[in-house]
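> Using only what follows, build the 3D model:
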Amino acid sequence: ALQQGPREFETDDVFDGTYSQSIWFSARDPLGGLELKEDAFPVGRDLDWQEATVTLSNGRAFGASVSHDLGLIMVGGSGGKVALSDVDLIRWDHLEQRLSIAELPQLPVRMVNGGAVVIGNTLFVVASNDDEGSKEDIYTFDLSQIETDGAGKPVKTGDRVRLRQRFDADGHVLPTWGRLPKLPLTADESLAVGNPLVVAQHDGHAQTLYFFRQLDTLRSKSVPAGIANPAPGSLMRGSAQSYTGVWAYKNSRDGLPAGWVRKKNASINGNAISIRGGLASALGQSHIVVLENSDAQAPTEAFSYNTITDAWTSYVVEDPAINFVNKDPLHWQGELLVLGSVSRSSDSLPSIWKLQVNGPQLHFGWANMMVVVVYLLSMVLVGGYFMKNNNSTNDYFRGGQHIPWWAAACSIYATMMSSLSFVALPALVYR
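So this is what the prediction gives:
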């Protein structure tokens, strides 16, 4: 944990169910260091929190946020009584050293507990249309519509950003928001109560939108092929008719039209993974890490999904059980930061946690070292033994013409092999 939130949060009860209009921000030096102070919070490193002079138009929580070169985009949420369709762009002005807020066009629907990602200049928003999150639509917004000045700052008319009009091939004005097709579900599948997880990650060809969603099947039907009924004590919690579906939205390429591609349902060793909440984020070149919220009975669970091999892996979480305050992790100067509180602590304030994947500790070991030493000594002894018979260039290059055909064939074949064969070819198979 880097640090607990600002001290003012403790008295304002922002994280105890109230809806705040305030915006707090913090900065660190360009090298990424966080200054240690004597009066820092008990755990971790201190951040210099400041309250912005601007505020949101209304109190808000349970929305989605995503970063872009233009700033932080906040989408939807709840004002306490009703879901919102507001979309705001929060931008840090380096010259004036202050925050500014600009309004983007509202979503076509109200949204709460959804998700948002940016791929290139396209904003994708998953909008849940009911309180239980069992009905969802996915909308798109082209961020290149936003007019900017020479410095790259959005141009505003009043509080709203100014947009460029877009036209189709027939000259008709395109709508501000687009809409993706519905998720392809089988006849016996339905969206379960829970929050969707949406992530942008590379699939080996291009940046792709990935969508993870808890599904239910009718009890009279069996679980889809490829998902075994989980055994007691497995990773899945819930009924055997509940599992997590995975989709990827592919843009048109290689002559194929754009559309959803259904991946294998989430499972490890044939046991279904049931992901009902938490957060997901791209990690590395082709992985997506998924963290489930913990509760009083179960600790935080961590999984990763490989977008190229379509395979899942589980991780051991070493830190205390965490309940994530929001599901939008932040990539900041090479670190992945999330906001959450320890689940089993009744008076715990949210803290900023840094996610770090620790691989197994690999040691060369004495056995491998002995093999290397014996091999090198053997090469020296073999060279010394044959050195006395090496009296001419004919002996050196042709072995005195006494080498049998099979030995010469093996030598020629071995000469054709190189490190390229062991590195490049497996990479091609992996792709």
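
> Return, as residue ranges, the portions of the stretch 301-431 of the chain with sub-threshold pLDDT.
319-320, 343-349, 430-431 (pLDDT under 70).

> any idea where the helices of it begin and end?
Using DSSP state H, counting those that start in this stretch, the helices of the stretch 301-431 of the chain run over 365-387, 393-398, 405-416, 419-430.

> between these, which one is nearest to V109?
helix 419-430 (40.8 Å; Cβ to Cβ). Heads up, the C-betas are built off the backbone N, CA and C, glycines and all.

> what sits up against that closest one?
The contact list for helix 419-430, computed with Cβ atoms under 8 Å, 6 or more residues apart in numbering, reads I308, T309.

> Could you rerun that using 10 Å?
Helix 419-430 has contacts (Cβ atoms under 10 Å, 6 or more residues apart in numbering) with G204, S286, N306, I308, T309, S418.

> Would you mark the buried spots in it?
Buried residues in helix 419-430, counted by 16 or more other Cβ atoms under 10 Å: none are found.

> Looking at the contacts of helix 419-430, which two lie furthest apart in space?
Pairwise distances across the contacts of helix 419-430 peak at 28.2 Å for N306 and S418 (criterion: Cβ to Cβ).

> if we can go back for a sec, can you say which of the helices of the stretch 301-431 of the chain is nearest to L84?
helix 419-430 (44.0 Å).

> between N306 and S418, who's got more neighbours?
N306 (16 against 10; other Cβ atoms under 10 Å).

> For that one, name its beta-bridge partners.
H287, A311 (DSSP bridges).

> quick one: it and W312 touch, right?
Yes - between N306 and W312 there is a contact at 7.8 Å, judged by Cβ atoms under 10 Å.

> who's in contact with T244?
Contacts of T244 (Cβ under 10 Å, 6+ apart): 192, 194, 197, 212-215, 227, 236, 265-267, 272-276, 290, 303, 305, 312.

> try it again with 7 Å
For T244, the contacting residues are F212, R213, Q214, L215, N265, A266, I273, S274, I275, by Cβ atoms under 7 Å, 6 or more residues apart in numbering.

> From M111, how far out is the fifth one?
To M111, N265 is 26 Å away according to Cβ to Cβ, to the nearest Å.

> Who has more neighbours out of those two?
M111 (29 against 18).

> Check whether that one really touches A83, as I assumed.
Yes - using Cβ atoms under 7 Å, M111 makes contact with A83 at a distance of 6.2 Å.

> between the two, what contacts are shared?
Common neighbours of M111 and A83, using Cβ under 7 Å, 6+ apart, are G76.

> ok so, going back, export the helices of the stretch 301-431 of the chain to CSV and tack on distance to H94?
Compiled in CSV, the helices of the stretch 301-431 of the chain are given as follows (distance: least, Cβ to Cβ, whole Å):
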stretch, distance to H94
helix 365-387, 52
helix 393-398, 68
helix 405-416, 57
helix 419-430, 41
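
> Which of those sits closest to T140?
Here helix 419-430 is closest among these (Cβ to Cβ), at 31.2 Å.

> Could you find the closest non-adjacent residue to P154?
Distance criterion Cβ to Cβ, 6 or more residues apart in numbering; nearest residue to P154, sequence neighbours excluded, is V161 at 4.7 Å.

> what pLDDT, on average, does stretch 105-120 get?
Averaged over stretch 105-120, pLDDT sits at 90.

> How is A27 assigned, secondary-structure-wise?
A27 falls in the coil class when you classify it by DSSP: H, G, I helix; E, B strand; the rest coil.
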